[in-house]
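J.: build me a structure from this.
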Amino acid sequence: MIVLILLSAFLVSSGGVDLPPYIKKCSLSDPQFNECIMTKANEVIPILTKGDILFGIPSLSPVSFTEAPLKVDNLFMILMDTYMDNFKDLRITKMVFDLSNRKVELSAVIDRIEVTAKNYTVISGEFVGVRAQGHGRFNATLIKSTLDFKSDIQLYEKQGEVYMNLVNRVVNTNLERGYYYFENLKSATVVDMNAYIDEHWREFGAQVKPATDVYIQELLYLPFSVIAAKRGELADKVPLHGHRDRQT
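T.: Residues are numbered from 1 along each chain as shown. This is a model prediction of the structure:
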């Protein structure tokens, strides 16, 4: 996750590796440490979502998928040539980094997300209890998406330095309002499926939420997985200077 990579970068009390000039350091000894990370992260997100060679982070602005399966109970569809360009607008509203208890909690919001797909295909299933089939263009507008992220911190040592890995990650999202459009979505029992989904947008959002939350978690964690694939260990670019893991 971009913001959580920044945790490693910000956790530099003195000296250490050279960081890009746009990443400002926060000190573990600062009593306002969480506020420092939140402020600095919000300044850096629009820059870092463009990608960074130092960390091996690909661009998340925009994000595109050639094929994105979405499978939940009673519904299986595939979105093709899917596009989104809103991660640069993500804003951190709460940050809790508790190294003593090995916990990270983060809350964030994106005011507006636009998702488009050149084509979708319903393989099987129901939309809020109504069976329907179709294929064609798809778009969704998600208003005020809030995101809550929780993770345990795992520390490990390499060549005398302590590094951070994030494990047991959990993402939960909520919407203020969702608008969905499926071209050529047909049902034998409902005349206008788009109007039906709009009437039941909360139920439809809840129906697909388990699948969309997984996508969001993987997208936000993508930078860490890229580093893992290239270097064999997670987040081992920036050590937590001055910290030594206490064995328990």
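J.: gap between K209 and L175?
T.: 9 Å (Cβ to Cβ, to the nearest Å). In this view, the C-beta of every residue, glycine as well, is placed from N, C-alpha and C.
J.: in the chain, which spans are helices?
T.: Along the chain, the stretches classed as helices by DSSP state H are 2-10, 33-48, 193-199, 201-231.
J.: mean pLDDT for those helices: which is lowest?
T.: Set side by side, these give their lowest mean pLDDT on helix 2-10, at a mean of 54.
J.: low-confidence stretches in this structure?
T.: 1-20, 54-57, 218-248 (pLDDT under 70).
J.: and with 50 instead?
T.: Along the chain, the model assigns pLDDT under 50 to residues 12-17, 223-239, 241-248.
J.: just the strands from the protein, written as ranges.
T.: Secondary structure of the chain (DSSP state E): strands at 63-72, 75-84, 91-98, 103-127, 130-131, 135-158, 161-174, 177-182.
J.: buried residues, the third one. List them.
T.: Within strand 91-98, the residues that count as buried by 16 or more other Cβ atoms under 10 Å are I92, M95, F97.
J.: since we're on the closest residue to the second one other than its chain neighbours, how many residues are nearby?
T.: The spatial neighbour of M95 that comes closest, neighbours along the chain excluded (Cβ to Cβ, 6 or more residues apart in numbering), is M38 at 4.1 Å. The number of residues packed around M38, counting by other Cβ atoms under 10 Å, is 23.
J.: then the one 10 residues further on?
T.: The local packing of L48 (other Cβ under 10 Å) involves 26 other residues.
J.: do you know how far K25 is from G51?
T.: Distance, K25 to G51, by Cβ to Cβ: 22 Å.
J.: just G205 next, same as before
T.: For G205 relative to G51 (Cβ to Cβ), the value is 30 Å.
J.: quick one on the thing from earlier: out of the strands of the chain, which gets nearest to I216?
T.: strand 161-174 (5.7 Å; Cβ to Cβ).
J.: which strands or helices does that closest one pack on?
T.: For strand 161-174, the elements it packs on are helix 2-10, strand 135-158, helix 201-231, judged by 3 or more Cβ pairs under 8 Å, 6 or more residues apart in numbering; DSSP states H and E.
J.: and E157, how many neighbours?
T.: E157 has 11 neighbours, counted by other Cβ under 10 Å.
J.: how close does it get to N165?
T.: According to Cβ to Cβ, E157 and N165 sit 12 Å apart.
J.: next up, the contacts around the residue nearest to D81 when sequence neighbours are not counted.
T.: Of all residues not flanking D81 in the chain, K118 sits nearest, at 3.9 Å (Cβ to Cβ, 6+ apart). Applying Cβ atoms under 8 Å, 6 or more residues apart in numbering, we find K118 in contact with M80, D81, R137.
J.: sorry, back to before: go ahead and confirm the residue nearest to M95 touches V96.
T.: No - the pair M38 and V96 fails to qualify as a contact (Cβ atoms under 8 Å) at a distance of 9.6 Å.
J.: related to what we said a few turns ago, so for N34, which of the strands of the chain sits nearest?
T.: strand 91-98 (4.9 Å).
J.: ok, that closest one: who's next to it in the sheet?
T.: Using DSSP bridges, strand 91-98 pairs in its sheet with strand 103-127 (antiparallel).
J.: in the partner strand, which residues are buried?
T.: Buried, per 16+ other Cβ under 10 Å, within strand 103-127: 104, 106-110, 113, 115-117, 120, 122, 125, 127.
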